[in-house]
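[1] Provide a 3D model corresponding to the input given below.
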Amino acid sequence: MHMAAQNCEMTGKLGSESTKFAVLLLALVCLGGAVWPSAQQGVVAGVGQDVTSVRITSPLGRTGLVTKVRIVAQIHVQTGSSISAVSFFVDGMLVGMVETGPPYAVDWVDDNPFERRELVVQAADASGQVFKDTIVLPPFEVNDKTEVTSILLETSVYDKSGKFVSNLKPELFGVTENGSPQKIDLVARETIPTNLLLLVDNSQSMGRRMDFVRAAAERLARSLRENDRAIVAPFNAHVGTITGPTDDPATIAQAIAAMQAKGGTAMFDAMIEGMRLLNGLEGRRAVVLITDGYDENSAAGVDDVLRAAEQAGATVYTVAIGGVAGVSLKGQTILKKITEVTGGRSYVPPREAELAPLADAIATDTHSRYLITYTPVNQKKDGTWRGIAIDVPEGLKVRTRSGYFAPAAPPIRPTIEFTIMDSARNYLDVTSEDLDVIEDGIKQSVDTFQEAVDPVSIVMALDSSGSMKKAADLVRATAKEFVVAVRPEDSLALVTFADEPKFAHTLAKNREWSLEAIEKYKADGGTALYDAMWNSLKHLQGVQGRRAIVLLSDGKDEDNPGKAPGSQHTFEEVLELTRTVGAMVFTVGLGTKVDKPVMEQFAKVSGGQVFYATNEMQLSNQFHQVVEGLRRRYVLSYVSTNSNHNGAWRKVEIKPRANGRVVSTRGGYFAPEN
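    Numbering: from 1, shown residues only. Down below sits the predicted model:
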């Protein structure tokens, strides 16, 4: 097995400011041909010798989609010899056998294009000698397309007689986007390998025209250059089994010969499905649509086709065969619009016999291109249409795609953590079917629902003001119980607060640090409760995953004399930071002088819980309730119906479908910003 070498050639003058773009494009050119494995030569003694050989010609790569594909082998049998049944294997498993051919082909479903696959085709002659070929299909790699960055345009320039102009200097091109001039990074003669999708209508009415279509497709296939690849995709009401990617003209002709004309025509749906086959492939992408009828069964419309073509970066060529009798005037108008927007051409030959010469014209057009790159001034990811115009010297005509859709910002996928209890504060076991999720008044579709089992980063904040002196032993004993009860995988930090908050230690899994710090607990001074909350939230702000604060206090925020605030930060500031950080807050009030409204607000806005205790037994029980509250939680997620990245607060309600159930959640989330 081997990988094909790619010859890289680039023309056009490059200024010093364009060097980095030239390097990037050159890398794309060189890598583009390495996407596909080369067709293997099988077991052969030498080129041109009359020996039996097996060569896999389809598929030579992956499309990234779960697709039914024809595995095809071209087999040459030595004169005077014969072969037995041909066997097809995928990862060592037999997927089919063929006794006669050509074609030697079986259907196979590529059910996971993100895993490596090894294809083997083998045949034996009368003497028992085995001939085989093997190719490896590497895992399909997904490219991130959420950034605008730069735009690549494939452009053809013609003179008044329709002849391609091949010697324009880079400085003679100009680009505008939505009327605004753009700085061109690079102009080069096209050398990138082409991925060609032959989308062939095999509806009932095409039956008598298939011989002409096959001849034209074979002629077009012969124009493929080294490292070009073609995919043959038949369609009627939907796209059928595809052949390819392949570089073999015979395989392409056999794929069309194998088509059976039947059914209606869903052209728009087929074009969208077909362009998805090209969407992740490196190199140029072109679609050649051959049809004799107007769309009659598609759910999609022409605008959907244009968006799919833009997303695939595909140039579309259409061949409407049969003249006026085959395709209506309306159909021709639609096909012409699609080709004009994508930078291709539309052909309406009056007779089937003119299909073959058209194949040459399409091949010439696909290979006669300039590549122009520019970095748009407008880098907003807003999903809007950006119109493009290319300026060339007077007297010349230019053909390129008319624009592109800017990438839309990625979907917003909030994750909401919550608890659900009955009226007696008993935790409940529920599923997503027991709840409705409402975001800003609109019902959402939950796609992930599970128990919240991931590790938690916890800050334990203990009030050590003078009023806690009588309860110091109680605090030490019950706080130690809490530390011991926390799961080993959870991280714990400890802060005490009197006149000011002080961290005994930051987040760690070493429980001895916490136990030693609690043993040294002493009560004296004022109550800087708000500052303790502020520092705890700041400590968690950059931490990934689940986060919580456990706050114990017996009073309110005040200085030691009890005549002024004890903190530098205000309640409103801390409450806003609580919303922003998103950490759960479990407040435990000890005694009868607790500032209940404050404790309850911290718990409410964070989706935590509030507990009160007046004696040792109650405090111990409440700390255990906090541990249980951290464990008995659920987490759900969904794709928001509001994709606006505006940084605004989104109110989220989790409503139980049964009465008497109470949900605790932070109440919403902040949308991300662009």
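[2] going forward, measure contacts and count neighbours with C-alpha atoms only.
    Fine.
[3] Which strands and helices lie in contact with the helix or strand harbouring residue 515?
    Taking DSSP states H and E as the criterion, residue 515 maps to helix 511-519. Secondary structure elements in contact with helix 511-519, counted by 3 or more CA pairs under 8 Å, 6 or more residues apart in numbering; DSSP states H and E, are helix 472-485, strand 491-497, strand 501-508.
[4] winner for burial among the ones you listed?
    Comparing these by mean neighbour count (mean count of other CA atoms under 10 Å), strand 491-497 comes out on top with a mean of 24.
[5] And the contacts of it?
    455-465, 501-509, 511, 514, 517, 527-529, 532, 536 (CA atoms under 8 Å, 6 or more residues apart in numbering).
[6] and if you look at stretch 616-634?
    Contacts to stretch 616-634, defined as CA under 8 Å, 6+ apart, come from residues 417-420, 427, 449-453, 474, 478-479, 481-482, 485-486, 550, 586, 588, 590, 609, 611-613.
[7] and what of stretch 76-90?
    Applying CA under 8 Å, 6+ apart, the external contacts of stretch 76-90 come out as 50-54, 71, 94-100, 104, 106, 117-126.
[8] just the buried members of the residues you listed?
    Burial by neighbour count, 16 or more other CA atoms under 10 Å: within those this picks out 52-54, 71, 96-98, 104, 106, 117, 119-125.
[9] Using CSV, list the CA coordinates for the helix holding residue 515.
    In CSV, the C-alpha atoms belonging to helix 511-519 read as follows (Å, rounded to 0.1, in the frame of the first residue of the first chain):
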residue,chain,number,x,y,z
ARG,A,511,-8.5,16.1,54.2
GLU,A,512,-5.8,16.4,56.9
TRP,A,513,-5.3,20.0,56.0
SER,A,514,-8.9,20.7,56.6
LEU,A,515,-9.1,18.8,59.9
GLU,A,516,-6.0,20.5,61.2
ALA,A,517,-7.3,23.9,60.3
ILE,A,518,-10.6,23.2,62.0
GLU,A,519,-8.9,22.0,65.1
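[10] Moving C-terminal from it, which element do we reach first?
    helix 529-541.
[11] so what does that next one touch, helix or strand wise?
    strand 456-463, strand 491-497, strand 501-508, strand 546-553, helix 571-581.
[12] Next, the angle helix 529-541 makes with the longest one.
    When you say that, I think you mean helix 571-581. If you take axes from the mean of the first three to the mean of the last three CA atoms, to 10 degrees, helix 571-581 sits at 20 degrees to helix 529-541.
[13] now helix 571-581: mean pLDDT?
    Averaged over helix 571-581, pLDDT sits at 95.
[14] which residues touch that helix?
    Contact with helix 571-581 is made by 530, 533-534, 537, 540-541, 598, 601-602, 605-606, 666, 669-670, as judged by CA under 8 Å, 6+ apart.
[15] could you redo those as TSV and give each row distance to residue 404 and pLDDT?
    Shown next, in TSV, are the contacts of helix 571-581 (distance: CA to CA, whole Å; pLDDT from 0 to 100):
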residue	distance to residue 404	pLDDT
530	52	97
533	49	97
534	47	98
537	44	97
540	42	97
541	39	95
598	53	96
601	49	95
602	48	96
605	43	93
606	43	94
666	40	91
669	33	93
670	30	93
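[16] List just the nearest of these to residue 151.
    The closest of the contacts of helix 571-581 to residue 151 turns out to be residue 670 (CA to CA; 32.1 Å).
[17] which residue sits closest to the closest one in space, ignoring its chain neighbours?
    By the measure of CA to CA, 6 or more residues apart in numbering, the closest residue to residue 670 outside its immediate chain neighbours is residue 649, 4.3 Å from it.
[18] what do you get for residue 554?
    Counting by CA to CA, 6+ apart, residue 554 lies nearest to residue 590, which is 4.6 Å off, once chain neighbours are set aside.
[19] In its sheet, which strands sit next to the strand ranked longest in the chain, and in what direction?
    In the chain, taking DSSP state E as the definition, the longest strand is strand 67-76. In the sheet, strand 67-76 lines up against strand 53-58 (antiparallel), strand 104-110 (antiparallel), strand 242-246 (parallel) (DSSP bridges).
[20] pretty sure residue 653 is touching residue 437, no?
    Yes. With contact defined as CA atoms under 8 Å, residue 653 counts as touching residue 437 (5.8 Å).
[21] Any stretches of the stretch 551-674 of the chain with poor pLDDT?
    Nowhere does the stretch 551-674 of the chain drop to pLDDT under 70.
[22] now the helices for it?
    With DSSP state H, counting those that start in this stretch as the definition, the stretch 551-674 of the chain shows helices at residue ranges 571-581, 596-606, 616-631.
[23] Would you mind giving the ones you listed as a markdown table with mean neighbour count added?
    Formatted as a markdown table, the helices of the stretch 551-674 of the chain follow (neighbours: other CA atoms under 10 Å):
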| stretch | mean neighbour count |
| --- | --- |
| helix 571-581 | 17 |
| helix 596-606 | 20 |
| helix 616-631 | 18 |
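[24] who wins for proximity to residue 302 among those?
    helix 571-581 (43.9 Å).
[25] Which residue ranges make up each domain of the chain?
    Split into domains by automatic domain parsing, the chain comes to 16-34+143-190+376-405, 53-137, 194-367, 415-451+637-670, 456-632.
[26] Buried residues, stretch 262-271. List them.
    So, applying 16+ other CA under 10 Å, buried residues of stretch 262-271: 262, 264-271.
[27] Select from the residues you listed every entry located in helices.
    Counting by DSSP state H, the buried residues of stretch 262-271 place 267-271 in helices.
[28] Could you dump the residues you listed into CSV with distance to residue 87 and pLDDT added?
    CSV is the format used below for those (distance: CA to CA, whole Å; pLDDT from 0 to 100):
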residue, distance to residue 87, pLDDT
267, 35, 89
268, 37, 91
269, 34, 92
270, 31, 90
271, 33, 92
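[29] Pick the one among those residues closest to residue 316.
    residue 271 (9.7 Å).
[30] Surely the closest one and residue 304 touch.
    No. Judged on CA under 8 Å, residue 271 makes no contact with residue 304 at a distance of 9.6 Å.
[31] thinking again about what came up before, of all the helices and strands packed on helix 529-541, which one is nearest residue 316?
    helix 571-581 (48.2 Å).
[32] Distance from the chain centre to that closest one, please.
    34 Å (CA atoms, centre = their mean, to the nearest Å).
[33] all strands for the stretch 101-250 of the chain, in order.
    Using DSSP state E, counting those that start in this stretch, the strands of the stretch 101-250 of the chain run over residues 104-110, 117-124, 130-137, 151-158, 174-177, 180-182, 184-189, 194-201, 229-235, 242-246.
[34] For those, please prepare CSV with the additional fields mean pLDDT.
    Converted to CSV, these look like this (pLDDT from 0 to 100):
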stretch, mean pLDDT
strand 104-110, 95
strand 117-124, 95
strand 130-137, 95
strand 151-158, 89
strand 174-177, 96
strand 180-182, 96
strand 184-189, 88
strand 194-201, 90
strand 229-235, 91
strand 242-246, 91
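[35] How far off centre is stretch 631-645?
    18 Å.
[36] swap in stretch 128-139?
    33 Å.
[37] what comes up buried for it?
    Buried residues in stretch 128-139, counted by 16+ other CA under 10 Å: 130-138.
[38] what's the answer for stretch 417-434, then?
    Neighbour count says stretch 417-434 has 417-421, 427, 432 buried, by 16+ other CA under 10 Å.
[39] and the residues you listed as JSON lines, adding secondary structure and distance to residue 626?
    Below are the buried residues of stretch 417-434 laid out as JSON lines (DSSP: H, G, I helix; E, B strand; the rest coil; distance: CA to CA, whole Å):
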{"residue": "417", "secondary structure": "strand", "distance to residue 626": "15"}
{"residue": "418", "secondary structure": "strand", "distance to residue 626": "14"}
{"residue": "419", "secondary structure": "strand", "distance to residue 626": "12"}
{"residue": "420", "secondary structure": "strand", "distance to residue 626": "14"}
{"residue": "421", "secondary structure": "strand", "distance to residue 626": "14"}
{"residue": "427", "secondary structure": "strand", "distance to residue 626": "12"}
{"residue": "432", "secondary structure": "helix", "distance to residue 626": "24"}
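[40] No further questions, thank you.
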